[in-house]
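J.: need coordinates for the following:
(chains A and B)
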Amino acid sequence: GENVEQHPSTLSVQEGDSAVIKCTYSDSASNYFPWYKQELGKRPQLIIDIRSNVGEKKDQRIAVTLNKTAKHFSLHITETQPEDSAVYFCAAKKAPGSARQLTFGSGTQLTVLP
Amino acid sequence: DAGITQSPRHKVTETGTPVTLRCHQTENHRYMYWYRQDPGHGLRLIHYSYGVKDTDKGEVSDGYSVSRSKTEDFLLTLESATSSQTSVYFCAISEGGRDTEAFFGQGTRLTVV
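T.: Predicted structure coming up:
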């Protein structure tokens, strides 16, 4: 089955700096890669996703890049703010078959220091 | 927010007792999932359903069973609760298309003492 590894497990940055979280996946058939943000005590919520036919996607201060050859994808947050502090999860999913479930990385605790 | 509700939100139970968690959706989504969240492990899939009465195991299914008799409800049962099942449980729903997002419930914090 799919295996998703996420690094780093914790990340501290100064407010205004950039943060980068990286994930690798094992199944070359995976073609959908969402990122979820989970604030303390809350549910995970989708912040951005990317399909396998796209190399990069941006949404304001957030961007995701995908390298299918190397089987890795990354989340980039620019101009970080204290409200960006949360746990971030990457995930991967492949379309074929009846499963259609997401495999998640182990999460990154991002702390933005004021 | 997607119409997905988990109950109960918190539960404390004793070792060896059966426990059932409920996930209810109003979105008519085909796919429903149960995950558990533990520090250092992220979200791990317990069981999922791809239709009424159609379920399958995830990566951490031992000690858990599920049932889906209606599109809107997906039940997770701990047959005989153990301390290792103390966790936060999340239900999620998805339309199940080629690349559609999963929406999560608020979570259930279960403590087995």
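J.: quick check: residues of chain B near chain A?
T.: Taking Cβ under 8 Å from any Cβ of the partner chain as the contact definition, chain B meets chain A at B:31, B:33, B:35, B:40-45, B:48, B:50, B:56, B:58-59, B:90, B:94, B:96, B:98-99, B:101-107. (C-beta placed from N, C-alpha, C; glycine too.)
J.: now these: which count as buried?
T.: Neighbour counting by 16 or more other Cβ atoms under 10 Å in any protein chain shown classes B:31, B:33, B:35, B:42-45, B:48, B:50, B:58, B:90, B:94, B:96, B:99, B:101-105, B:107 among those as buried.
J.: filter these down to just the ones in strands.
T.: Judged by DSSP state E, strands contain the following of these: B:31, B:33, B:35, B:42-45, B:48, B:50, B:90, B:94, B:103-104.
J.: my read: B:Thr55 touches B:Ser67, true?
T.: Yes. Counting by Cβ atoms under 8 Å, B:Ser67 is a contact partner of B:Thr55 at 7.4 Å.
J.: near chain B, which residues of chain A are found?
T.: So chain A meets chain B at A:1, A:6, A:9, A:31-32, A:34, A:42-46, A:49, A:51, A:89, A:93, A:95, A:98-107 (Cβ under 8 Å from any Cβ).
J.: middle-most residue in chain B, spatially?
T.: Nearest to the geometric centre of chain B sits B:Trp34, at 2.7 Å (Cα atoms, centre = their mean).
J.: bridging residues for it?
T.: Beta-bridge partners recorded for B:Trp34 (DSSP bridges): B:His47, B:Cys91.
J.: quick check: closest non-adjacent residue to B:His29.
T.: B:Ile93 (4.2 Å; Cβ to Cβ, 6 or more residues apart in numbering or on different chains).
J.: could the ones in strands among the buried ones among the residues of chain B next to chain A be laid out in CSV, adding distance to B:Arg22?
T.: Formatted as CSV, those follow (distance: Cβ to Cβ, whole Å):
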residue, distance to B:Arg22
B:Tyr31, 17
B:Tyr33, 14
B:Tyr35, 15
B:Gly42, 23
B:Leu43, 19
B:Arg44, 20
B:Leu45, 18
B:Tyr48, 16
B:Tyr50, 19
B:Phe90, 13
B:Ser94, 18
B:Phe103, 16
B:Phe104, 15
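J.: most widely separated two among these?
T.: Across those, no pair lies farther apart than B:Gly42 and B:Tyr50, at 22.4 Å, counting by Cβ to Cβ.
J.: grab the nearest non-local neighbour of B:Thr108.
T.: B:Tyr89 (4.6 Å).
J.: and the one you found, how far is that from A:Gln6?
T.: 21 Å (Cβ to Cβ, to the nearest Å).
J.: and the residue nearest to the centre of chain B, what does it touch?
T.: Listed by Cβ atoms under 8 Å, 6 or more residues apart in numbering or on different chains, the contact set of B:Trp34 reads B:21, B:23, B:45-48, B:58, B:64, B:66, B:74, B:76, B:89-92.
J.: repeat the analysis, applying 10 Å as the threshold.
T.: B:Trp34 sits next to B:6, B:21, B:23, B:44-49, B:55, B:58, B:60-61, B:64, B:66, B:74-76, B:89-92, B:105, B:108 when contact means Cβ atoms under 10 Å, 6 or more residues apart in numbering or on different chains.
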